[in-house]
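Asker: Generate a structure from the sequence data that follows.
(one chain, ligands or ions: 2)
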Amino acid sequence: MRDSAENIRYIIKEKIKPKRQIKDFSFEEMKEYFESKGEANYRVNQLFDEIYSNRALSFFEMTTLPKGLRQTLSEEFSLHSLKIDSKRISQDGSIKYLFELNDSNLIEAVYMPWINEEGEMERSTLCISSMAGCPAGCAFCATGMLGFKRNLTPSEIIEQIMLVEADLNLKINNVVIMGMGEPLLNYANVVKSLQLMTGEKSKIIGRRKITLSTAGIATKIKLLANIDSPPKLAISLHATTNATRQKIIPISKSFDISSLMDAIEFYYRQTKMPITYEYIVFDGFNDTPEDAERLRKIALRVPSRVNFIPYNDISFTNPQGISKELKPATSEKIAEFANALRSAGVAVIVRDTYGRDIEAACGQLALSKDNKVGE
Ligand code: SAH
Ligand code: SF4
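Answerer: Ligands and ions are numbered 1, 2, ... in the order given. Below is the predicted model:
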């Protein structure tokens, strides 16, 4: 019999013992755990079916598992690592989700429907975050202005998709890892989340439906090329010389354009998936005929296409220095730049932006207690 002080200590210890996130576990890892508990292997199949196919909302709902096991799992694991804090719906149909993590950090994801001319929904894309904040500090990016809070865990990454699918009662067809954070600076967790998303037992989406966007961590691009289910790769290029790139993307000081191109070539050779280059055309900064010529050379090195992304205003972050000087090029100038590349054989897409009215577009996924959205 414990005395009451001991009892209180026991209760406190139990209360503060952090539960492990069940969606951080791969099928193999969960198999090991079940073996250590003397549970049969087929139970792991049932558990994964409950989580990823049936999308059970609690361990007690997992009626294919015996009651005792459900109890043990609920004592040792947590099934939810995020909750929807709020959402904002844009006039164009996109929805910005604000999620609260268990430690109260906030992250965002943006849902974008693609409607065809008949007004039917053709497909849907979800842009998800890989970090709370970002340490890379790119001069044009609102998330960068926030600084780094922390890396997201695999379960926090995949649950963004699962929660939006449940909330909207639909299937997401494309996932882009282009929300808050630099995914290749959270390499291990992002790779594990990719393995979970595409794994046979935990499948959420096919690997060819996932695009990972990076500011260009060349060493990690090479590693990513060799994982079992590499995603499509998008590179935030935004400049064609090392000097201009370093002005706006500080981490490019460690990975110059030549080392980045070597990594990209390697990625293409390993995966055979065309590369996307993202390029914001800044007025008078990266829009000269010489830039077009250098961009042509870069783009033609392996099969690729160039996406011109409209620059989304980040003046709400009170930018200083170079950030203050960056201005979007006019649409005429962008069209001229795009045409110069097209006539040189480069595939170019001039992107329209989604969710401008709800600050959900690229680079605007920033939050702080002060500008928390959706309230
Ligand atoms: N860290 C990764 C992914 C997140 S940023 C990366 O940098 O690629 C996703 C995309 O939004 C990148 O292409 C980034 O360059 C772009 N972006 C950032 N700020 C932007 C802004 N203000 N306007 C338009 N695009 C922006
Ligand atoms: Fe980070 Fe990407 Fe923003 Fe740069 S553009 S600060 S890498 S999120």
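Asker: What about residue 310, how many residues nearby?
Answerer: Around residue 310 there are 18 other residues, counting by other Cβ atoms under 10 Å. Using the backbone N, CA and C atoms, a C-beta is placed for each residue, glycine as well.
Asker: List the contacts of stretch 51-61.
Answerer: Around stretch 51-61, the neighbours that count as contacts under Cβ atoms under 8 Å, 6 or more residues apart in numbering are 22-23, 50, 62, 65, 70-71, 73-74, 77, 79, 162, 165-166, 201-204.
Asker: Revised request: answer the last question for stretch 219-227.
Answerer: Stretch 219-227 has contacts (Cβ under 8 Å, 6+ apart) with 184-185, 187, 191, 194-195, 212, 214, 230-231, 233, 255, 260, 263-264, 266-267, 269-271.
Asker: So among the contacts of stretch 51-61, which ones count as buried?
Answerer: The neighbour-count test (16 or more other Cβ atoms under 10 Å) marks 22-23, 50, 62, 65, 70, 73-74, 77, 79, 162, 165, 201-202, 204 as buried among these.
Asker: before we move on, the earlier item: among the contacts of stretch 51-61, which are in helices?
Answerer: 70-71, 73-74, 162, 165-166 (DSSP state H).
Asker: Pick out the most distant pair among the residues you listed.
Answerer: The span of the ones in helices among the contacts of stretch 51-61, defined through Cβ to Cβ, is set by 71 and 165 at 27.8 Å.
Asker: Closest to residue 156 out of the buried ones among the contacts of stretch 51-61?
Answerer: Using Cβ to Cβ, these come closest to residue 156 at residue 23, 8.6 Å.
Asker: re the thing from before, just the ones in helices among the contacts of stretch 51-61 now: which is nearest ligand 1?
Answerer: In terms of Cβ to the nearest ligand atom, no member of these lies closer to ligand 1 than residue 162, at 20.7 Å.
Asker: In a strand, residue 175, correct?
Answerer: Yes: per DSSP: H, G, I helix; E, B strand; the rest coil, residue 175 lies within a strand segment.
Asker: Now do the phi/psi pair for the closest residue to it other than its chain neighbours.
Answerer: Excluding its sequence neighbours, the residue lying closest to residue 175 (Cβ to Cβ, 6 or more residues apart in numbering) is residue 210, at 4.8 Å. The phi/psi pair for residue 210 (degrees, to the nearest 10) reads phi -120, psi 130.
Asker: Report the separation between residue 210 and ligand 2.
Answerer: 17 Å (Cβ to the nearest ligand atom, to the nearest Å).
Asker: Please apply the same query to residue 262.
Answerer: Residue 262 sits 20 Å away from ligand 2, going by Cβ to the nearest ligand atom.
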